[in-house]
Structures are given as C-alpha cells and as structure tokens.
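Novice: sharing a model prediction with you, sequence too.
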Protein chains: 2
Amino acid sequence: MPKDAHPRECSIADTLDIVGERWSLLAIRELSYGVRRFDQIVRNTGAARDILTARLRKLEANGIVRRERYSDHPVRHEYHLTAAGRELCDVLIVLMAWGDRHLHPDDPPVRWRHSCGETLNPLVVCRQCGNEARPGAHSPTGRGALTG
Amino acid sequence: MPKDAHPRECSIADTLDIVGERWSLLAIRELSYGVRRFDQIVRNTGAARDILTARLRKLEANGIVRRERYSDHPVRHEYHLTAAGRELCDVLIVLMAWGDRHLHPDDPPVRWRHSCGETLNPLVVCRQCGNEARPGAHSPTGRGALTG
DNA sequence: GGGGGTGGGTTGTGTTTTCCAACTCGCTCG
DNA sequence: CGAGCGAGTTGGAAAACACAACCCACCCCC
C-alpha cells in the first residue's frame, strides 16, 4: 500500500478481498448453475486449472464453497455452494442485469427463470420501504465514512 | 485460455471484464460517495496511483466515468459517475450487504441512509412478482446456457 | 492385460499485472 | 521565494496469471 493511503473500512472492500479476484465469481456462477465438477468449471469459465484450484480453495476457506468427497481412491470431490455462497447469487444477478442492459441491450446471452414463472428482471429495493434502494445522494455513516 | 475451454457467453463475465479488476469497484464506490479528486480516491482506496489512472481511463472508455475539466493550465479533472455508473451502485449495495452479514455481523463499518430515512438494508427482488429474486434451483436459458 | 479416456489436480516456465517509491510539471498560497 | 498540492509518469521489483505438460488412479473395452 502507498504510504499516504488510509483506506476506508468497508464491507465492499472486504468482500472483494474474498471474491474479487478474477474467476472467483465465475466459478460461483457455475456452481449456482449446478455444475459440480472441476473440469466442467474449467471449460465453462475459461480459467486456468491452477488458478481455479487456488480460487476454489480460497472460497472453501472462506465458507463459500463446500467440497464433498464422492470417491476415495482416487480422491474426487464435488463442489457445492454453502448458504453464504448462495447469497452471493445476488451479486451475480445484479452484475448480469447491468451487463444485459448496457452491453447486450437487444439480446441477453442468458435468461434466468424466476420461481414465479417469468424471466427474472431484478430490482434492488430497500427492505423497509420497498422502494428502489440505489442512493441518489449519499450520506454514509460509521467508522468507514470519513473522507480522510 | 486453455485449449479445451468453451467459456459461456455471459453478461456477468462481460461486466466483470469492465469493472472486475482490482480497484475498479472501489473507485466507483468513492465516486458514489461524492469524492471527485484523484488523490482522494488514492487515499481512500489504497490503490497505486498508476493503476488507478489506468482504471479510471478504462471506466471512462466504457461510459461509466466522466472526466470533467475544471482547470486548464494546469489540466485538472473531476471524476463523476455517468448514469450507467450510478447503476453499478446496485452491485456495491449487494456486495456491502453480503460483507456486513458474513464478515461484520455485529458492527457494519458503514451504513447507508436510504431516502426513506431508514438505514439501507437491501433486498434483490423480481420486478414481476416482487418476491426475492435469488434462484433456488436454476434453469438458465439462452445462448450461454449450455453446459458444454 | 494393454490402450484410451476421465477427473482432479501439480509443475515448470514464461508473460502480464500490480505495486511502490520517486520524479515531474504547473500552478497557488504565504 | 519556497512549500505544497493535484494529477499524473517512470522504473524496477514482486506477485498474479497463463498454458502446456505431466502425473496418478481409476474405469471401460477389447
């Protein structure tokens, strides 16, 4: 870190430390699609094998991924999302919505079907009032709020 | 890319190509907080100056950030989010919510005040039915849906 | 029992990013 | 004048990443 930096305490930064490296979120995407095998994740994401190994280990260490042995001799595992991992699907949903809107306005490459039967079109709302959550003007408070 | 890969077409991957590098989302966080100056973003994120320069240029090239000259001689700019950039706040919101819940369950470092007056506690819902959006079991469809 | 395939890695060797300190340039303020 | 700031640029080292190749233990098939 540069000497003059006083990075904010911030859950965004802390979360990105865990899932912000390249391939991590795409691996989580594959797991959310029900893909369970290492080689399949490699193929579907395009990640290098060694990097994917490292990322899955890191996600496991952070309670996002669970490895389940389905064979000893040879040792073989299936990969699953934990409950915390499934909650990261919210991140995938909004990333996809942004990309669909701004990069593929006419032809989203993938659609997700919501349990209600419709194609999923997500909205981030405030749990209290139910209105759109996105802040117009900001007033963050707490330890990480100072503008240094 | 490895030879055997057939990465999915995917708006998540495409969005991450633009904002998925380290520091990009934290720079966007600072802009969303109203921080406008290069040095301040450096201090508040902890990013290296050259990297931040590169990221801001890339975000600008992708229509997420706008540079506004507020002085010639010497050339000085303020950084702003575009409309597309402000939409990325949804991503920040859900990343922060995940981190608050799983990494700082007792003491979120920052709270955002929603326009309704309450501390923001976000929820990702389906625009059609209003219920939680997160998929239980998945059935993606479209060009990128194949499991290779 | 030999040959081919698969699943899940590990190793070796480059290539790219990223990091950080230090430097620049042109103001502005005291 | 000298200090300081804003916004970078540069150079060299460290870390991350990429890719092909290898490995091992099975499994199936002939």
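Specialist: Ah, there it is.
Novice: ok and the residue in chain A nearest DNA strand D?
Specialist: Nearest residue of chain A to DNA strand D, counting by C-beta to the nearest atom of the strand: A:His73, 3.0 Å away. Every C-beta, even on glycine, is put in place using the N, C-alpha and C of the backbone.
Novice: would you verify that that residue is located in a strand?
Specialist: No - the assignment for A:His73 by DSSP: H, G, I helix; E, B strand; the rest coil gives coil, which leaves it out of any strand.
Novice: check it and give its pLDDT.
Specialist: The predicted local confidence for A:His73 comes out at a pLDDT of 71.
Novice: how about the residues of chain A near DNA strand C?
Specialist: For chain A, the residues found near DNA strand C under the criterion C-beta under 7 Å from any atom of the strand are A:1-3, A:37-40, A:49-50, A:53, A:56, A:67, A:74-78.
Novice: how close does the residue lying farthest from the centre of chain A sit to A:Ser115?
Specialist: Centroid-distance maximum for chain A: A:His73 at 32.5 Å, with C-alpha atoms, centre = their mean. When distances are taken as C-beta to C-beta, to the nearest Å, A:His73 and A:Ser115 turn out to be 40 Å apart.
Novice: so who does the residue of chain A closest to DNA strand D touch?
Specialist: Contact criterion C-beta atoms under 8 Å, 6 or more residues apart in numbering or on different chains gives no residues in contact with A:His73.
Novice: from the residues of chain A next to DNA strand C, list just the buried residues.
Specialist: By neighbour count, with 16 or more other C-beta atoms under 10 Å in any protein chain shown, the residues of chain A next to DNA strand C hold A:Phe38, A:Leu56, A:His77 as buried.
Novice: show me the residues you listed that map onto strands.
Specialist: Using DSSP state E to define strands, the subset of these located there is A:His77.
Novice: near A:Asn106, how many other residues are there?
Specialist: Wrong residue type there; residue A:106 is Asp, not Asn. A:Asp106 is surrounded by 5 other residues when neighbours are defined as other C-beta atoms under 10 Å in any protein chain shown.
Novice: do the same with the one 3 residues further on
Specialist: Neighbours of A:Pro109 under the rule other C-beta under 10 Å: 21.
Novice: ditto for A:Ser32
Specialist: Taking other C-beta under 10 Å as the neighbour definition, A:Ser32 ends up with a count of 21.
Novice: and what of A:Gly20?
Specialist: A:Gly20 has 21 neighbouring residues, counting by other C-beta under 10 Å.
Novice: for it, give me its contacts.
Specialist: B:Gly20, B:Arg22, B:Leu25.
Novice: can you redo those as CSV with secondary structure and pLDDT?
Specialist: Output for these, formatted as CSV (DSSP: H, G, I helix; E, B strand; the rest coil; pLDDT from 0 to 100):
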residue, secondary structure, pLDDT
B:Gly20, coil, 94
B:Arg22, coil, 89
B:Leu25, helix, 96
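Novice: just curious, which of the residues you listed is nearest to A:Val124?
Specialist: For the contacts of A:Gly20, the minimum distance to A:Val124 (C-beta to C-beta) is 15.4 Å, reached by B:Leu25.
Novice: if we ignore the residues flanking it in sequence, what's nearest the closest one?
Specialist: The spatially closest residue to B:Leu25, leaving aside those adjacent along the chain, is B:Val19, at 5.7 Å (C-beta to C-beta, 6 or more residues apart in numbering or on different chains).
Novice: next one: that neighbour from DNA strand C, what distance?
Specialist: Using C-beta to the nearest atom of the strand, to the nearest Å, one gets 12 Å for the distance from B:Val19 to DNA strand C.
Novice: quick check: which ranges of chain A have low pLDDT?
Specialist: Along chain A, the model assigns pLDDT under 70 to residues A:1-4, A:137, A:146-148.
Novice: quick one: which of the residues of chain A next to DNA strand C sit in helices?
Specialist: A:Phe38, A:Asp39, A:Gln40, A:Arg49, A:Asp50, A:Thr53, A:Leu56 (DSSP state H).
Novice: now, which of those lie close to DNA strand D?
Specialist: When C-beta under 7 Å from any atom of the strand is applied, the members of those adjacent to DNA strand D are A:Arg49, A:Asp50.
Novice: please list which of the ones in helices among the residues of chain A next to DNA strand C are also close to chain B.
Specialist: The subset of these within reach of chain B, by C-beta under 8 Å from any C-beta of the partner chain, is A:Gln40, A:Arg49.
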